[in-house]
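Asks: 3D, please:
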Amino acid sequence: MTSFLKNILPKLNFISKHPNLAFSKTILPNITKLNYFSNLPQEDPLTPYEVIKDDKVKEAEDKIVKSEIVKKITEKVSNVREPIFAVVHVAGKQFKITSGDIIVVEGYWPPDAGDKLTLDKIMLVGGKEFSLIGKPLIQRDLVKIEATVIEKTLSHTKIHFRKKRRKQYMRINFYRIPQTMVLINNIKFVGELDNPPDVSEPKSRSM
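Replies: Okay, the predicted model is just below:
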C-alpha cells in the first residue's frame, strides 16, 4: 500500500500544479470521449446495426420455414410405429398418456364399466422429435383419443384423524374414495396440421 501511494502521489501533485493537463491522459490514458461511459466499441452513427428487411420478404421466409416444419411433422405422424404421447384434461386433472395406459380418475364420475369414451380436451401431443402445444387446447379434430372404462371400484381405506389438545376432543373417521379405471386404446391423428376447420355462425339458436 505504501509503495502504491509513493507512486501515485507525485502524479497527483504534478496535476494540481498544472491544471491544464487532462486527468484522463495521466491516470487513465486508455479512456477517451467515445468509450468513457461504455467499454463497447462505438459504431458510426450513420451505419445501422441491423438492416431492416422488407415486410414481404419476412412473410415469405416465415411461410417457407413454416411449411418445412409442417412437412417434417406430417412425416413423423404418418409413421404408425412412432410412439405418441398426449396430455389430456379429465375430471379436473391432467394426465400424460400413451396407448395402452390405464389412468385412475378419483371421485364421482358418471361413466360405467364398459363405456367407450373419446377424450376431447387434449392439451399437448408429441413424439420423440416433435411436440404440439395447445393454447390451451390443440386444434380441434386433429387428434382422436379413444378410451374404455374397465372398472369402477373404491380406493383403500383411508383415515381422517382429528384432535384438539387439552380439550378432550379426538375423532377418527374411515372413508373410501370411488375410483374409475380408464384404459387408453389408441392415440391417432385424424386431421391435417395447420388446417383448422372453418368456424361459422349457427343458423338457428336455442335459448
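Asks: what segments of the chain are helices?
Replies: Under the criterion DSSP state H, helices of the chain are mapped to 2-17, 23-26, 55-78.
Asks: where among those helices is average confidence lowest?
Replies: Among the helices of the chain, helix 23-26 has the lowest mean pLDDT, at a mean of 48.
Asks: quick one, strands of this protein?
Replies: Ranges of strands in the chain, per DSSP state E, are 85-90, 93-98, 102-106, 116-119, 122-126, 131-133, 143-154, 158-164, 169-175, 178-189.
Asks: now those strands in a markdown table, with mean pLDDT, distance to Ala60 and mean neighbour count?
Replies: No exception for glycine: its C-beta is placed from N, CA and C like everyone else's. Below are these laid out as a markdown table (pLDDT from 0 to 100; distance: least, CB to CB, whole Å; neighbours: other CB atoms under 10 Å):
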| stretch | mean pLDDT | distance to Ala60 | mean neighbour count |
| --- | --- | --- | --- |
| strand 85-90 | 93 | 34 | 18 |
| strand 93-98 | 93 | 38 | 15 |
| strand 102-106 | 94 | 45 | 15 |
| strand 116-119 | 92 | 39 | 14 |
| strand 122-126 | 91 | 29 | 19 |
| strand 131-133 | 86 | 24 | 14 |
| strand 143-154 | 93 | 30 | 16 |
| strand 158-164 | 96 | 62 | 9 |
| strand 169-175 | 97 | 64 | 9 |
| strand 178-189 | 92 | 28 | 17 |
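Asks: make TSV out of those and add distance to Glu61.
Replies: Formatted as TSV, the strands of the chain follow (distance: least, CB to CB, whole Å):
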stretch	distance to Glu61
strand 85-90	32
strand 93-98	35
strand 102-106	43
strand 116-119	37
strand 122-126	26
strand 131-133	22
strand 143-154	29
strand 158-164	59
strand 169-175	61
strand 178-189	27
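Asks: tell me which of those sits nearest to Glu75.
Replies: strand 178-189 (12.0 Å; CB to CB).
Asks: could you dump the closest one to PDB, C-alpha only?
Replies: Listed next in PDB are the C-alpha coordinates belonging to strand 178-189 (Å, rounded to 0.1, in the frame of the first residue of the first chain):
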ATOM      1  CA  PRO A 178     -64.700 -44.000  -5.600                       C
ATOM      2  CA  GLN A 179     -62.300 -44.700  -8.500                       C
ATOM      3  CA  THR A 180     -62.700 -45.200 -12.200                       C
ATOM      4  CA  MET A 181     -60.200 -47.200 -14.200                       C
ATOM      5  CA  VAL A 182     -59.900 -46.000 -17.800                       C
ATOM      6  CA  LEU A 183     -57.900 -47.800 -20.500                       C
ATOM      7  CA  ILE A 184     -56.400 -45.700 -23.300                       C
ATOM      8  CA  ASN A 185     -57.000 -47.700 -26.500                       C
ATOM      9  CA  ASN A 186     -55.200 -45.600 -29.100                       C
ATOM     10  CA  ILE A 187     -54.000 -42.100 -30.000                       C
ATOM     11  CA  LYS A 188     -54.100 -41.200 -33.700                       C
ATOM     12  CA  PHE A 189     -54.100 -38.100 -35.900                       C
END
